[in-house]
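Trainee: Here you go, sequence then predicted model.
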Amino acid sequence: MKLIKFCTMAVAFTMSAQVIHAQSLPPLKVGMMLPYSGTYAALGNAIDNGFQLYVKELGGKIAGREITYVRVDDESEPSKATDNINKLIKRDNVDVVIGTVHSGVAMAMAKVAKDTGTMLIIPNAGANAITGPLCAKNIFRSSFTNGQPGYAMGEVAAKKGYKTAMTITWNYAAGEESVKGFQEGFEKGGGKVTKMLNLPFPGVEFQALLTEVAAAKPDIVYSFFAGGGAVKFVKDYASAGLNKSIPLVGPGFLTDGTLEGQGEAAQGMLTSLHYGDNLNTKRDNEFRLAYAKQFKLQPDVYAVQGYDAAQMLTIGLVATKGDISKKDEFAKAVVAAKIDSPRGPFTISKAHNPIQDFYLRQVVGKENKVIGIASKSLADSARGCNM
Ligand code: BEZ
């Protein structure tokens with residue numbers, strides 16, 4: 001009896017000590033470095049919304065710490081990225097940086113985070129290098145690696161019997177790595193990528209490239225575009241009449257968060273991604289309802305990635321009792337966790353990238369309907385990561 005009382009007192013003491021410890025910590029300063037303008041503006045805003053939604057569900061605090069935000073519009077501009085993140089770290093003294101969408105900007109951010117040891121959670125940009133040579137114990141990704149959805153789509157296209165493909169994308173890391181992923185999956189299945197076309201980011205002058213496709217007549221076209229560029233590309237492809245004879249496929253970014261603008265032009269398109277609009281799980285339905293209620297918008301993959309970035313931050317901070325400087329403990333907790341995402345549960349690899357299912361989706365009306373699994377539990381290669 002006495003022992004039980006002693007134990008109860010001891011637990012109560014430890015818990016109140018923890019609460020006092022958490023309460024004595026200052027607010028956690030979160031630096032949101034995202035595109036709030038330009039072709040990726042909608043993606044940046046959705047990530048920010050998703051992050052805020054999870055924090056709201058926690059009552060506004062993570063591991064007992066109030067959250068304050070400092071926001072920077074990175075404009076998807078790699079040349080400004082180093083200055084922008086340095087300002088957040090050195091001038092604004094943020095505890096953690098959440099960002100960004102564009103792979104070129106994210107690579108510059110990862111270099112600074114690695115050098116300064118600042119905690120960085122990347123809620124979209126899929127650059128291979130981030131979970132490859134740039135990997136670090138303080139850098140995490142809640143999204144994907146660029147080659148993953150492309151690889152999954154390449155496998156599907158080959159299984160469907162298509163023999164030749166052309167690719168069209170922006171010539172920066174995300175586009176290049178996405179089409180390489182597609183090529184790998186497609187050629188492994190017996191197909192052949194006959195030509196890879198590209199244009200500078202964020203250009204939308206697609207006409208000359210579409211004329212080349214019309215002349216070459218491949219069986220299929222695979223494209224990486226996202227945000228405003230994806231809306232224009234899918235519409236131009238249909239206006240050129242190409243969608244009638246040469247199916248256009250892509251990673252899900254081509255049709256996620258864009259269907260309102262693409263309308264009829266996107267109908268029937270197949271894409272692969274780690275999220276879809278009709279998962280119809282309790283977890284996703286609750287998320288979608290809460291998101292729509294708060295922001296008067298339907299969520300998309302970017303909103304989910306922002307939400308899960310906040311979940312990953314919470315898992316790490318709870319394990320360290322709110323102390324973000326304990327990087328080893330933080331990382332250990334995140335890698336050991338099963339993240340309860342609206343996309344479906346996923347885990348984080350040793351290189352800090354999600355290991356997750358990629359769905360095959362088809363556009364029906366205003367939805368990217370999940371029609372199957374394109375690739376199960378896909379992990380990235382983490383080539384060059386030494387941690
Ligand atoms: C990227 O730059 O990594 C990216 C941008 C938009 C959608 C997906 C990936």
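Mentor: Sure thing, it's come through. Keep in mind that this is a model prediction, so the values were computed, not measured.

Trainee: Which phi and psi values does the nearest residue to residue 252 once chain neighbours are set aside adopt?
Mentor: In this structure, residue 252 finds its nearest non-sequential neighbour in residue 273, 2.5 Å apart by C-beta to C-beta, 6 or more residues apart in numbering. Heads up, the C-betas are built off the backbone N, CA and C, glycines and all. Backbone torsions for residue 273, taken as degrees, to the nearest 10, come to phi -160, psi 170.

Trainee: Also the one 4 residues further on?
Mentor: According to degrees, to the nearest 10, the main-chain angles of residue 277 amount to phi -90, psi -10.

Trainee: ok, the residue in the stretch 1-150 of the chain that the ligand sits nearest to - how many residues close by?
Mentor: Of all residues in the stretch 1-150 of the chain, residue 103 sits closest to the ligand, at 3.6 Å by C-beta to the nearest ligand atom. Using other C-beta atoms under 10 Å, residue 103 has 26 neighbouring residues.

Trainee: what's the answer for residue 294, then?
Mentor: Residue 294: 13 surrounding residues under other C-beta under 10 Å.

Trainee: so how far is residue 102 from it?
Mentor: Counting by C-beta to C-beta, to the nearest Å, the gap from residue 294 to residue 102 is 26 Å.

Trainee: Please list all residues in contact with the residue of the stretch 1-150 of the chain closest to the ligand.
Mentor: Counting by C-beta atoms under 8 Å, 6 or more residues apart in numbering, residue 103 touches 125, 126, 127, 146, 172, 173, 174, 177.

Trainee: could you list every residue that touches residue 153?
Mentor: Listed by C-beta under 8 Å, 6+ apart, the contact partners of residue 153 are 182, 185, 222, 249, 250, 251, 270, 271, 272, 374.

Trainee: for residue 201, phi and psi?
Mentor: phi -70, psi 140.

Trainee: Pretty sure residue 28 sits against residue 62.
Mentor: Yes - at 6.2 Å, residue 28 counts as touching residue 62 under the criterion of C-beta atoms under 8 Å.

Trainee: Top of the contacts of residue 103 by number of neighbours, please.
Mentor: Within the contacts of residue 103, neighbour counts (other C-beta under 10 Å) peak at residue 126, which reaches 29 neighbours.

Trainee: one step back: now do the shared contacts for residue 28 and residue 62.
Mentor: Here residue 28 and residue 62 have 317, 322 as joint contacts, going by C-beta under 8 Å, 6+ apart.

Trainee: what about the two, which has more around it?
Mentor: Neighbour count, other C-beta under 10 Å: between residue 28 and residue 62, residue 62 has more, with 25 against 22.

Trainee: Return the residues in contact with the more buried one.
Mentor: Taking C-beta under 8 Å, 6+ apart, one finds 28, 55, 310, 313, 314, 317, 318, 322 in contact with residue 62.

Trainee: How is the chain divided into domains?
Mentor: Domain assignment for the chain, taken from automatic domain parsing, gives 10-144+279-348, 147-273.

Trainee: Confidence-wise, which of those is weakest overall?
Mentor: For the domains of the chain, mean pLDDT drops lowest on domain 10-144+279-348, to a mean of 94.

Trainee: which one is the closest residue to the ligand within the stretch 201-350 of the chain nearest to, not counting chain neighbours?
Mentor: At 3.7 Å from the ligand, residue 226 is the closest residue in the stretch 201-350 of the chain, using C-beta to the nearest ligand atom. Closest residue in space to residue 226, ignoring its immediate chain neighbours: residue 253 at 3.9 Å, by C-beta to C-beta, 6+ apart.

Trainee: so what's the one you found up against?
Mentor: Counted by C-beta under 8 Å, 6+ apart, residue 253 has contacts 149, 224, 225, 226, 230, 271, 273, 301.

Trainee: Which one of those residues is nearest to residue 350?
Mentor: Of all these, residue 350 sits closest to residue 149, with 21.4 Å by C-beta to C-beta.

Trainee: Got phi/psi on the closest one?
Mentor: phi -60, psi -30.

Trainee: which residues touch it?
Mentor: With contacts defined as C-beta under 8 Å, 6+ apart, residue 149 is in contact with 178, 181, 251, 252, 253, 271, 272, 273, 274, 358.

Trainee: again, 10 Å this time
Mentor: Going by C-beta atoms under 10 Å, 6 or more residues apart in numbering, residue 149 touches 126, 178, 181-182, 185, 224, 250-254, 271-274, 301, 358-359, 374-375, 378.

Trainee: and if you look at residue 193?
Mentor: 154, 164-167, 179-180, 182-184, 186-187, 218, 220, 222.

Trainee: Repeat the analysis, applying 8 Å as the threshold.
Mentor: So residue 193 contacts 164, 165, 166, 167, 179, 182, 183, 186, 187 (C-beta under 8 Å, 6+ apart).

Trainee: Check for me that it belongs to a helix.
Mentor: No - assigned with DSSP: H, G, I helix; E, B strand; the rest coil, residue 193 falls outside any helix and is strand.

Trainee: So which bits of the protein are right by the ligand?
Mentor: The chain has residues 101, 102, 103, 124, 125, 126, 127, 146, 174, 226, 253 near the ligand, with proximity defined as C-beta under 6 Å from any ligand atom.

Trainee: Tell me how many other residues surround the closest residue to residue 367 other than its chain neighbours.
Mentor: In space, and not counting its chain neighbours, residue 367 is closest to residue 277: 4.1 Å by C-beta to C-beta, 6+ apart. Residue 277 is flanked by 22 other residues according to other C-beta under 10 Å.

Trainee: what does residue 263 give?
Mentor: Residues contacting residue 263 under the criterion other C-beta under 10 Å number 14.

Trainee: The one 3 residues further on now?
Mentor: Each residue near residue 266 was counted by other C-beta under 10 Å, and the total is 26.

Trainee: Which of the helices or strands spans the residue nearest to it when sequence neighbours are not counted?
Mentor: Nearest residue to residue 266 in three dimensions, chain neighbours excluded: residue 363, at 4.7 Å (C-beta to C-beta, 6+ apart). In the assignment (DSSP states H and E), residue 363 maps to strand 354-364.
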